[in-house]
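# only the shape, not the letters, is given here:
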């Protein structure tokens with residue numbers, strides 16, 4: 001490499017630097033959290049690579065982070081003896097953002113400076129937070145294993161360019177030197193820096209060292225001594241006794257590992273002994289992350305083995321329906337060279353996965369079933385954020401299906417505001433005498449579900465129906481066939497059968513209507529032969545002339561629409577048209593000279609009422625207009 005080269009920042013980095021230097025001032029101290037976190041990660045990476053090559057430790061096996069203050073030069077340096085960078089890595093890592101999240105990062109900015117600042121680490125761009133307090137940053141680094149002559153110096157004022165040059169650097173690792181802006185002298189105060197470290201980085205398992213200071217009575221100022229001391233507890237938080245950890249410390253550790261600006265909704269910290277020994281510290285966030293539904297996003301926990309960092313996003317430690325859970329697992333049994341492939345096969349990992357799953361479900365059950373109203377409100381908030389994801393577990397986790405079913409919450413015809421607060425346990429407890437099934441309906445929206453013609457008889461008789469409007473609900477129903485011995489029955493499938501809830505007179509009247517209207521049914525069926533699979537009289541309708549239903553075992557109209565929206569093919573199944581023989585429109589149909597047009601209009605209106613889309617809207621409009629003109 002030539003001794004000095006000038007490079008331009010990636011376009012997205014320029015945007016980011018402009019944002020950092022002009023906007024994010026409300027919570028300046030987060031820069032130190034981010035840079036210490038990066039230094040800790042660099043040490044973790046060295047420790048991991050050294051599992052296969054211990055020579056990388058060179059002559060400095062003790063990993064650490066040092067904070068240096070130079071008041072005369074007005075610089076603050078964060079130094080680590082971790083993995084370090086070579087010249088190309090410095091160009092790649094500090095001049096570009098490799099991950100494709102930068103544009104999304106920009107789009108996520110809310111205008112709330114404190115919340116915006118918290119996003120920096122979430123998108124892997126924590127290094128640039130140094131420009132909140134510095135008008136120039138110098139990075140000096142050498143990769144572990146390289147010679148002293150292969151060091152690199154990276155320098156930039158955070159505008160359009162950065163310079164890279166070769167230097168001699170005897171010690172491996174990285175120095176990040178912040179040349180502080182005017183007015184940022186508070187970050188030259190050792191007391192200030194110690195308080196920030198205590199707030200954000202106390203849990204870092206590496207020692208964070210600062211030089212001691214003592215009061216010089218003659219100079220009337222603090223004087224730095226050539227003596228270093230550890231300013232954090234230097235013990236991984238999860239390895240400490242629960243009684244020694246405050247709630248604030250738990251919450252700050254969560255924010256550190258999750259890059260979340262809010263405190264977690266709940267957490268659990270346990271040491272598990274038995275066939276597998278491990279420590280778990282698991283958190284349920286208060287809010288869903290922006291990428292919860294991103295299939296390319298890796299989820300999972302941080303995995304340590306005997307306190308040695310192994311990997312982020314260890315997906316095998318939790319089922320995918322709990323991918324929102326954050327935390328740490330530290331195993332005493334797994335090998336240090338464990339890989340993602342080995343994790344999938346390991347018996348010890350399966351035991352950890354089962355243990356972590358049960359612990360998370362216990363946390364959620366405590367919130368959902370707690371006598372404390374505030375706890376139940378917390379669960380309601382959790383359900384709003386993560387309920388759709390938790391539903392996936394009913395089909396994925398047979399062993400915990402019953403526990404998961406009790407945690408489900410749905411909107412209901414008995415909840416005026418449509419709030420998703422009805423659990424299956426409560427539904428079964430208030431079922432009407434003689435009711436044999438749990439009734440549900442799926443729809444695209446809550447309004448469509450609540451106003452569906454298929455609910456009319458249920459509303460008339462005061463029978464509660466659960467309203468399912470999440471995209472995952474059709475899939476859920478394919479796995480949730482019963483609860484507490486009661487079958488789960490869709491009101492939009494099959495002929496309605498209310499059993500003991502329908503009196504003998506109603507049944508007799510329905511049978512007579514079916515016989516009386518048999519000729520009319522045949523005529524309608526012939527007219528709609530290309531649309532309807534069958535036409536029959538129903539008792540489920542009160543105010544509407546007709547509705548569409550699917551037969552048991554067939555794909556529902558709602559599911560067919562979802563499949564189509566997802567670009568998948570759905571089986572072509574003609575729905576059944578059920579008619580209300582008491583409705584004036586059906587009575588008029590039998591003698592109408594526009595029989596075919598009116599039959600098609602009735603079918604199309606039934607399709608629209610359930611949220612469907614007309615294949616030929618123009619034909620529908622033409623038929624309606626012709627009937628209006630004929631009046």
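Great, that's in hand. Predicted, not measured: the structure shown is a model, and the values here were computed from it.

# as a check, name the ranges of all helices in the stretch 201-350 of the chain.
In the stretch 201-350 of the chain, helices defined by DSSP state H, counting those that start in this stretch lie at 247-258, 340-345, 347-369, listed in chain order.

# show me what the longest one is packed against.
The one in question is helix 347-369. Where contact means 3 or more C-beta pairs under 8 Å, 6 or more residues apart in numbering; DSSP states H and E, helix 347-369 is packed against strand 266-272, strand 278-284, strand 326-331, helix 373-390, helix 401-407. The C-beta positions use only the backbone N, C-alpha and C, and glycine is treated the same way.

# distance to residue 222 added to the ones you listed, as CSV?
Formatted as CSV, the helices and strands packed on helix 347-369 follow (distance: least, C-beta to C-beta, whole Å):
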stretch, distance to residue 222
strand 266-272, 38
strand 278-284, 37
strand 326-331, 37
helix 373-390, 46
helix 401-407, 56
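
# and of these, who's closest to residue 139?
For residue 139, the closest of the helices and strands packed on helix 347-369 is strand 326-331, at 28.9 Å, according to C-beta to C-beta.

# where among the helices of the stretch 201-350 of the chain is average confidence lowest?
Taking the mean pLDDT of each of the helices of the stretch 201-350 of the chain, the lowest value is held by helix 340-345, a mean of 77.

# neighbouring contacts of that helix?
Counting contacts by C-beta atoms under 8 Å, 6 or more residues apart in numbering, the residues outside helix 340-345 that touch it are 303, 311, 314-317, 335, 349.

# where along the stretch 501-631 of the chain do the strands fall?
Using DSSP state E, counting those that start in this stretch, the strands of the stretch 501-631 of the chain run over 534-537, 546-549, 576-579.

# and those: which comes nearest residue 95?
Of all the strands of the stretch 501-631 of the chain, strand 546-549 sits nearest to residue 95, with 59.5 Å by C-beta to C-beta.

# ok, the closest one: who's next to it in the sheet?
Sheet neighbours of strand 546-549, with direction, are listed as strand 576-579 (antiparallel) (DSSP bridges).

# can you name the element that comes right after the lowest-mean-pLDDT helix or strand in the chain?
Of all helical and strand segments in the chain, the minimum by mean pLDDT, DSSP states H and E falls on helix 113-122, at a mean of 46. Once helix 113-122 ends, the next helix or strand along the chain (criterion: DSSP states H and E) is strand 134-142.

# which strands or helices does that following strand pack on?
helix 87-95, strand 151-156, strand 173-180.

# make it 10 Å
Contacting strand 134-142 under the criterion 3 or more C-beta pairs under 10 Å, 6 or more residues apart in numbering; DSSP states H and E are the following elements: helix 30-49, strand 75-80, helix 87-95, strand 151-156, strand 161-167, strand 173-180.

# that strand: which residues count as buried?
Of the residues in strand 134-142, those with enough neighbours to count as buried (16 or more other C-beta atoms under 10 Å) are 134, 136-142.

# can you give me the neighbour number for the closest residue to residue 94 other than its chain neighbours?
Sequence neighbours aside, residue 154 is the residue nearest to residue 94 in space, at 5.5 Å (criterion: C-beta to C-beta, 6 or more residues apart in numbering). Residues lying near residue 154 (other C-beta atoms under 10 Å) number 23.

# now do residue 460
Other residues close to residue 460 by other C-beta under 10 Å number 12.

# ok, now how distant is it from residue 578?
Per C-beta to C-beta, to the nearest Å, residue 460 is found 16 Å from residue 578.

# again with residue 378
Here residue 378 is placed at a distance of 43 Å from residue 578 (C-beta to C-beta).

# could you do residue 9 as well?
Computed with C-beta to C-beta, the distance linking residue 9 and residue 578 is 65 Å.

# where in the stretch 301-450 of the chain is pLDDT low?
337, 416-420 (pLDDT under 70).

# dihedrals phi and psi, the spatially most central residue of the chain?
Taking C-alpha atoms, centre = their mean, the centroid of the chain lies closest to residue 292, which sits 3.1 Å from it. Backbone torsions of residue 292, given as degrees, to the nearest 10, read phi -60, psi -30.

# check contacts around it.
Applying C-beta atoms under 10 Å, 6 or more residues apart in numbering to residue 292 gives the contacts 285, 299, 323-324, 385-386, 388-389.

# going through those residues, which ones are buried?
For the contacts of residue 292, a burial check counting by 16+ other C-beta under 10 Å picks out 285, 299, 323-324, 385-386, 388-389.

# residues touching the residue lying closest to residue 523 once chain neighbours are set aside, list them.
Here the nearest residue to residue 523 in space, its sequence neighbours aside, is residue 595; by C-beta to C-beta, 6+ apart that works out to 6.8 Å. With C-beta under 10 Å, 6+ apart as the criterion, the residues that contact residue 595 are 520, 523-524, 527, 589.

# before we move on, what about residue 453?
In this structure, residue 453 makes contact with 492, 538, 540-548, 578, 580, 605-606, 609-610, judged by C-beta under 10 Å, 6+ apart.

# next, the buried residues of stretch 425-443.
Using 16+ other C-beta under 10 Å as the test for burial, stretch 425-443 gives 427, 431, 435, 437-443.

# could you do stretch 71-87 as well?
Burial within stretch 71-87, assessed by neighbour count using 16+ other C-beta under 10 Å, is assigned to 74-87.

# cool, stretch 88-95 as well?
Of the residues in stretch 88-95, those buried by neighbour count under the rule 16+ other C-beta under 10 Å are 90-91, 93-95.

# list the contacts of it.
Stretch 88-95 is contacted from outside by 1, 5, 7-10, 13, 38, 83-86, 98, 124, 127-128, 137, 139-141, 143, 152-154, 156, 161-162, 164, 174, 176, using C-beta under 10 Å, 6+ apart.

# quick one: residues contacting residue 141.
Residue 141 makes contacts with 42, 80, 82-87, 89-90, 93-94, 150-154, 167, 169, 172-176, as judged by C-beta under 10 Å, 6+ apart.

# and residue 608, what does it touch?
Residue 608 makes contacts with 548, 614, 617, 620, as judged by C-beta under 10 Å, 6+ apart.

# the second one and residue 226, how far apart?
Meaning residue 614. Spatial separation of residue 614 from residue 226 under the definition C-beta to C-beta is 83 Å.

# looking at those two, which is more packed in?
Just comparing residue 614 and residue 226: by other C-beta under 10 Å the higher neighbour count belongs to residue 614, 14 against 6.

# hmm, the more buried one is touching residue 623, no?
No: taking C-beta atoms under 10 Å as the contact criterion, residue 614 and residue 623 are not neighbours in contact, 11.1 Å apart.

# and for those two, which residues touch both?
Counting by C-beta under 10 Å, 6+ apart, the residues touching both residue 614 and residue 623 are residue 604.

# make TSV out of the helices of the stretch 201-350 of the chain and add mean neighbour count and distance to residue 192.
Formatted as TSV, those follow (neighbours: other C-beta atoms under 10 Å; distance: least, C-beta to C-beta, whole Å):
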stretch	mean neighbour count	distance to residue 192
helix 247-258	18	17
helix 340-345	13	42
helix 347-369	18	37
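
# adding distance to residue 533, write the ones you listed out as a markdown table.
A markdown table is the format used below for the helices of the stretch 201-350 of the chain (distance: least, C-beta to C-beta, whole Å):
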| stretch | distance to residue 533 |
| --- | --- |
| helix 247-258 | 51 |
| helix 340-345 | 45 |
| helix 347-369 | 42 |
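
# between those, which gets nearest to residue 241?
helix 247-258 (12.1 Å).

# what helices and strands are in contact with the closest one?
Against helix 247-258 (3+ C-beta pairs under 10 Å, 6+ apart) you get helix 30-49, helix 113-122, helix 190-200, strand 266-272, strand 278-284, strand 326-331.

# biggest separation within the contacts of residue 608, which pair?
For the contacts of residue 608, with distances taken as C-beta to C-beta, the pair at the greatest spread is 548 and 617 (17.1 Å).

# more neighbours, the two?
More neighbours surround residue 548 than the other of residue 548 and residue 617, with 24 against 11 (other C-beta under 10 Å).

# what pairs with the more buried one across the strands?
With DSSP bridges applied, residue 548 shows beta-bridge pairing to residue 577.

# buried set for the host helix or strand of residue 66?
Following DSSP H and E, the helix or strand that holds residue 66 is strand 65-70. Within strand 65-70, the residues that count as buried by 16+ other C-beta under 10 Å are 65-67, 69.
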